[in-house]
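**Q** Predicted model and sequence follow; I will ask about them next.
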Amino acid sequence: MAIDAVNLGRIDLNLLVHLNALLTERSVTRAAGSVGIGQSAMSHNLARLRELFDDELLTRGADGMRLTPRAMTLLDPVRTALAQVEAVLLREKTFDPATAVRTFRLGLSDSMEILIVPRLLARMREIAPGIHLRLYNVDTSRLLDDLDADEVDLALSYGSIQQGQLHHKQRVLFTESFLCMFNAEKTGITPPISLEDYIRLPHVLTSLRPGRTVRGSVDEALEELGLQRSVALTTPRFLTVPYLVAQAPVIVTMGARLARRFAADLGLSLSPPPVKVKDVTVSLLWHASYHHDPAHVWLRDQLVKLVAEL
């Protein structure tokens, strides 16, 4: 995105610092004290900000100053912008998760969201309450483009990204094996599932690439044996799969960690696949521009630790 240098140059970017203080403190006096200027100077800056945004930003109420709806929408973008400027100019500054304020954008599938994010959110609330997470669905076909365009800060992806360039950083988080999951009562079979039953039963398949030829590791394994399966339903959402399997005489082959969790919750049966399905890696990806960012490094470390606990 091109930067409008002419118009941006006319704006005193120190006003963003003062705006953040005003939005956070909701008091001219406290905001002035937090940035080390006088109350009259902060009042003057508030007037300039009101003119800049064509909005009152803070209004008086019975319980003190209140943020206008427009001001509420500025809270997150202003804090994020200041954090990014700080990361660029003050890279050597020690990162303190207990006091840091920053928003991270994570691209990941709903399966990774279920597996990792609940623990991650609990840890953030405990040790880094000012760190906010914004989650996005991941499209593996445009994942590197999203990193290059700064649409996401971090992405979790199944498989290694082979076509990445030097500025695409990657770390393998874990290797995932597969399990079959099914309703023993609906299907009329008990573990371990035989190859004959595996072929006979219709399958549910998850695919994050709608509109393309739908094939998975299972199809490749069966093809080596001269066999093929019948797919009753294809969905991009892992979250619906256990409920589909619980209600119908179908089978799904999915990541072992998530399968164990779903099976325990819904009373479903698990079995090793009767064919050799290749394990898949789950990788963490980011852009090199954030490689040495202290906050970014810290969050990557937190993810690595959380995965190790799984």
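**A** Sure thing, it's come through.
**Q** From now on I want contacts and neighbour counts done on CA atoms only, so please keep to that.
**A** Will do.
**Q** Next, the distance between the ends of stretch 19-34.
**A** Using CA to CA, to the nearest Å, one end of stretch 19-34 lies 12 Å from the other.
**Q** now what about that stretch, what contacts it?
**A** Here stretch 19-34 makes contact (CA atoms under 8 Å, 6 or more residues apart in numbering) with 18, 35, 38-39, 41-43, 46, 49, 58, 64-67, 71, 75, 78-79.
**Q** for the record, mean pLDDT for it?
**A** Mean pLDDT, stretch 19-34: 90.
**Q** now swap in stretch 145-163 and tell me
**A** For stretch 145-163, mean pLDDT rounds to 80.
**Q** can you list contacts of it?
**A** Identification of contacts with stretch 145-163 by CA under 8 Å, 6+ apart yields 104-109, 112, 138, 140, 143, 170, 172, 280-287, 290.
**Q** now do 6 Å
**A** Here stretch 145-163 makes contact (CA atoms under 6 Å, 6 or more residues apart in numbering) with R105, L106, G107, L108, V280, T281, V282, S283, L284, L285, W286, H287.
**Q** Could you do stretch 167-174 as well?
**A** Identification of contacts with stretch 167-174 by CA under 6 Å, 6+ apart yields T281, V282, S283, L284, L285, W286, H287, A288.
**Q** Please state the offset of it from the chain centre?
**A** Chain-centre distance of stretch 167-174: 15 Å, with CA atoms, centre = their mean, to the nearest Å.
**Q** Equivalent analysis for stretch 214-234, please.
**A** Centroid displacement of stretch 214-234 relative to its chain, using CA atoms, centre = their mean, is 30 Å.
**Q** likewise stretch 21-33?
**A** Distance, stretch centre to chain centre, for stretch 21-33: 32 Å (CA atoms, centre = their mean).
**Q** Pull out the buried positions in that stretch.
**A** By 16 or more other CA atoms under 10 Å, the buried positions in stretch 21-33 come out as A21, L22, L23, E25, R26, S27, V28, T29, R30, A31, A32.
**Q** Can you measure across it, start residue to end residue?
**A** Length of stretch 21-33, first residue to last, CA to CA: 9 Å.
**Q** Among the contacts of stretch 167-174, name the ones in strands.
**A** If you go by DSSP state E, the contacts of stretch 167-174 have T281, V282, S283, L284, L285, W286, H287 in strands.
**Q** Make JSON lines out of the residues you listed and add neighbour count and pLDDT.
**A** Output for the ones in strands among the contacts of stretch 167-174, formatted as JSON lines (neighbours: other CA atoms under 10 Å; pLDDT from 0 to 100):
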{"residue": "T281", "neighbour count": "16", "pLDDT": "91"}
{"residue": "V282", "neighbour count": "18", "pLDDT": "91"}
{"residue": "S283", "neighbour count": "18", "pLDDT": "91"}
{"residue": "L284", "neighbour count": "24", "pLDDT": "93"}
{"residue": "L285", "neighbour count": "25", "pLDDT": "93"}
{"residue": "W286", "neighbour count": "26", "pLDDT": "92"}
{"residue": "H287", "neighbour count": "22", "pLDDT": "87"}
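**Q** okay, the residues you listed in a markdown table with distance to V85 next?
**A** Formatted as a markdown table, those follow (distance: CA to CA, whole Å):
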| residue | distance to V85 |
| --- | --- |
| T281 | 34 |
| V282 | 31 |
| S283 | 28 |
| L284 | 24 |
| L285 | 22 |
| W286 | 18 |
| H287 | 17 |
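**Q** Switch the contacts of stretch 167-174 over to CSV; also include distance to W298.
**A** Listed next are those as CSV, based on distance: CA to CA, whole Å:
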residue, distance to W298
T281, 22
V282, 19
S283, 17
L284, 14
L285, 14
W286, 13
H287, 15
A288, 15
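**Q** All the helices of the stretch 151-300 of the chain, in order from the start?
**A** Remark: helices assigned in the stretch 151-300 of the chain by DSSP state H, counting those that start in this stretch are 184-187, 195-200, 217-224, 241-247, 256-266, 294-309.
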